[in-house]
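**Q** Quick one, fold the following:
(2 chains)
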Amino acid sequence: MKLYDYILSPSCYKVRLLAALLGIPLELRAVDFHPGGEHRKPELLALNPAGSIPILEDGELRLTESAAMLVYLASLTSPDWLGRDTAAEAARTEQWLSFAQRLTASLGGARLCEMLLRPGDLAALQAAGIAALRELEAALFAQRLHGEDFLVAGRPTIADIACFPYVALAPDGSVSLDPYPSIRLWLRAIRALPGFIEMPGIHRLHELKPEPVHGAEGEPA
Amino acid sequence: MTTGAMRDEWYPVGLRSKVDAGGQQTMLMGEQIRLRETPGGAVAVETADGRALPVVVGHGHVWTSLGQPTRPLFAIPEADQPGRRLVEVGVVRVRCSPLRAVENFLDIAHFPFVHTDILGAEPHTEVERYEVEIREKEDEVWATKVRFYQPQAAKSASGGITTDYMYRVPAPTCSVLYKTCPARPGEWDVITLFVQPLTEELCDVWPWMALYDDVTPMTDLIHFQQMIFLQDRSILENQIPRRLPLDPGMEIPTRADLTSVAYRRWLKRHNYTYGAQLVAQ
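**A** Predicted coordinates for the structure are as follows:
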């Protein structure tokens, strides 16, 4: 399975991350997005006329939407990750997959302006991003009241992976995550998943040392 | 804050390969400037009020100055050796002091924690003793005999190696790093960080490399360096105080910070204070 990839692209990272979590090996083909603009050149436009990355190829299958790639990877090995146990769960998963596009347009747009100097109305992108974060915070808070740590269930699904990267990288576009405690707990829960991989700007959890034991030798009692 | 003595230094303002007749707008030390290719194939840079600025092209980039540079652009003789591949990594904007960006580049101790499993890994966190000097004749900061264990020192490295480093600061916002070359033992890979100061707390960073590596695709070389630098970016944007303190204050340097100490001393000696904090807090 071949992924046309860019190390700094949150959308490409979604696919790398889910593949790592599910143990699916990927062949990576690096695309010179910045500064080369290779995704707009003939070889890649022939694969994807939209001129976007990632592109995933598996035999005859070619996908150009990251949400479809997540569905494909989960369907292959781990249907539990599809978030389709009930009609309501399936609908809510679809809701978040669409919501993720708002994150890409707003927080992702702000990040491209701030970091790679792409043109855009930064203030408007940040405002739209903050509106989306507030909605996400409210939803995750409600989930936690039900005792569930993830977006549609007590277990992670493709909905979480679709929303995670652009939220985690919001500070790259100068949008702070400080006001959103539920989002920060959710980010941490995803970073703690077995098999998690990082991307630049999203750091891995470094292992916490065990709690100090009171009264142990050398410790004040 | 005025631009001070740093006004008369050279700064990178764009990749030479990207400047065309259409021109591009950018900023240098608070002033809007414009770059364009002239019909004769040279590059012209001018301020918003039409003042022509000095221009030099070197190390893949266009360099200019708001003042009157008294020295030519620093040379990197190793980068001119035949057979090297020159890697234009492209620009990354960072909301930090330009001096902070350079200082971070000079630091080794953060490798295992920020560039985990690439430039460092626990438990190999010790920075061995190394040598630092301000070379009076060249008027540059040099750190030599730096050694560090690295799981994947370069794109061309397979497996962990102990890497030798030399660091050089030839200009207030530029650093050149010489590093063990996995593909050609005995030679040094050249990895640079050129920083364009936009304001005292905002900069555009232009990494550039001259490597011996005939195997790795160019895009992979670019991405390796972008990955490393973007791991630093989120740290740099959260450093406090935002400007680089040049006076002793609440920070307590350790032996591993000798290069940073020398860099700050050298900045202060020259009154290079754009992006610096002078009163200790």
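
**Q** Then B:Glu103 would be within a helix, right?
**A** Yes. Residue state for B:Glu103 (DSSP: H, G, I helix; E, B strand; the rest coil) corresponds to a helix.

**Q** Next, the contact list for it, please.
**A** B:Glu103 makes contacts with B:244, B:260, B:263-264, as judged by Cβ atoms under 8 Å, 6 or more residues apart in numbering or on different chains. (Glycine included, C-beta is placed from N, CA and C.)

**Q** Might you report the residue contacts of the residue of chain B most remote from its centre?
**A** For chain B, the residue at maximal distance from the C-alpha centroid (Cα atoms, centre = their mean) is B:Pro39, at 31.4 Å. Applying Cβ under 8 Å, 6+ apart to B:Pro39 gives the contacts B:Ala21.

**Q** That one falls within a strand, correct?
**A** No. Assessed with three-state DSSP, B:Pro39 is coil; it does not lie in a strand.

**Q** how much space between it and B:Ala21?
**A** Distance of B:Pro39 to B:Ala21, given as Cβ to Cβ, to the nearest Å: 7 Å.

**Q** what is B:Gln24 paired to in the beta sheet?
**A** B:Leu35 (DSSP bridges).

**Q** If you could redo that for A:Tyr4, that was the one I meant.
**A** Counting by DSSP bridges, A:Tyr4 forms beta bridges with A:Arg29, A:Ile55.

**Q** so where does the residue of the stretch 101-250 of chain B found nearest chain A fall, helix or strand?
**A** Going by Cβ to the nearest Cβ, chain A is nearest to B:Leu230 of the stretch 101-250 of chain B, at 3.3 Å. Using DSSP states H and E, the element containing B:Leu230 is helix B:218-236.

**Q** Can I get that helix in CSV, CA atoms only?
**A** Extracted C-alpha coordinates of helix B:218-236, given in CSV (Å, rounded to 0.1, in the frame of the first residue of the first chain):
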residue,chain,number,x,y,z
MET,B,218,16.2,15.4,-2.7
THR,B,219,12.6,15.5,-1.4
ASP,B,220,13.6,13.1,1.4
LEU,B,221,16.6,15.3,2.3
ILE,B,222,14.3,18.3,2.5
HIS,B,223,11.7,16.5,4.6
PHE,B,224,14.3,15.2,7.0
GLN,B,225,15.4,18.7,7.8
GLN,B,226,11.9,20.1,7.9
MET,B,227,10.9,17.4,10.3
ILE,B,228,13.8,18.2,12.6
PHE,B,229,13.1,22.0,12.5
LEU,B,230,9.4,21.7,13.0
GLN,B,231,10.0,19.6,16.1
ASP,B,232,11.9,22.6,17.4
ARG,B,233,9.3,25.2,16.3
SER,B,234,6.6,24.4,18.9
ILE,B,235,9.3,24.6,21.6
LEU,B,236,10.7,27.9,20.4
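
**Q** where's it relative to the chain centroid, distance-wise?
**A** 13 Å (Cα atoms, centre = their mean, to the nearest Å).

**Q** what's downstream of that helix, the next helix or strand?
**A** Moving toward the C-terminus from helix B:218-236, the next helix or strand (DSSP H and E) is strand B:244-245.

**Q** helix or strand right after that following strand?
**A** helix B:258-269.

**Q** helices and strands around that next one, which ones?
**A** helix B:98-106, strand B:131-135, strand B:140-150, strand B:161-171, strand B:244-245 (3 or more Cβ pairs under 8 Å, 6 or more residues apart in numbering or on different chains; DSSP states H and E).

**Q** what helices or strands is the helix or strand that comes right after it leaning on?
**A** Counting by DSSP H and E, the next helix or strand C-terminal to helix B:258-269 is strand B:276-277. Applying 3+ Cβ pairs under 8 Å, 6+ apart, one finds that strand B:276-277 contacts strand B:244-245.

**Q** How far off centre is stretch A:155-167?
**A** That offset, for stretch A:155-167, works out to 5 Å (Cα atoms, centre = their mean).

**Q** So is that stretch next to chain B?
**A** No. Stretch A:155-167 stays clear of chain B (Cβ under 8 Å from any Cβ of the partner chain), getting no nearer than 13.0 Å.

**Q** Would you mark the buried spots in that stretch?
**A** By 16 or more other Cβ atoms under 10 Å in any protein chain shown, the buried positions in stretch A:155-167 come out as A:156-167.

**Q** The closest residue to chain A within the stretch 51-200 of chain B - nearest residue in space that isn't next to it in sequence?
**A** When scored by Cβ to the nearest Cβ, the stretch 51-200 of chain B has B:Gly90 as its residue closest to chain A, at 3.2 Å. Leaving aside its sequence neighbours, B:Gly90 sits nearest to A:Pro35 (Cβ to Cβ, 6 or more residues apart in numbering or on different chains; 3.2 Å).

**Q** Report the contact partners of residue 195.
**A** As the question left the chain open, I've gone with chain A. Contact analysis of A:Gly195 by Cβ under 8 Å, 6+ apart lists A:20-23.

**Q** wait, I meant chain B there
**A** B:Val195 sits in contact with B:11-12, B:98, B:101-102, B:173-174, B:203-206, where contact means Cβ under 8 Å, 6+ apart.

**Q** Provide the secondary structure category for it.
**A** Following three-state DSSP, the label given to B:Val195 is strand.

**Q** in the sheet, who's paired with it?
**A** Beta-bridge partners of B:Val195, as defined by DSSP bridges: B:Val205.

**Q** Show the model's pLDDT score for A:Gly215.
**A** pLDDT for A:Gly215: 62.

**Q** Make sure B:Glu122 is indeed in a strand.
**A** No. According to three-state DSSP, B:Glu122 belongs to no strand; its state is coil.

**Q** shouldn't it be in contact with B:Tyr149?
**A** No. Assessed by Cβ atoms under 8 Å, B:Glu122 is found out of contact with B:Tyr149, at 10.7 Å.

**Q** Neighbour count: those two, which is higher?
**A** Set B:Glu122 next to B:Tyr149 and count neighbours by other Cβ atoms under 10 Å in any protein chain shown: B:Tyr149 wins out with 19 against 11.

**Q** secondary structure element for A:Ala127?
**A** A:Ala127 belongs to helix A:122-145 when assigned by DSSP H and E.

**Q** Determine the angle, from 0 to 180 degrees, between whichever helix or strand comes after that helix and helix A:122-145.
**A** Next along the chain after helix A:122-145, taking DSSP H and E as the criterion, comes helix A:158-168. Helix A:158-168 runs at 140 degrees relative to helix A:122-145, counting by axes from the mean of the first three to the mean of the last three Cα atoms, to 10 degrees.
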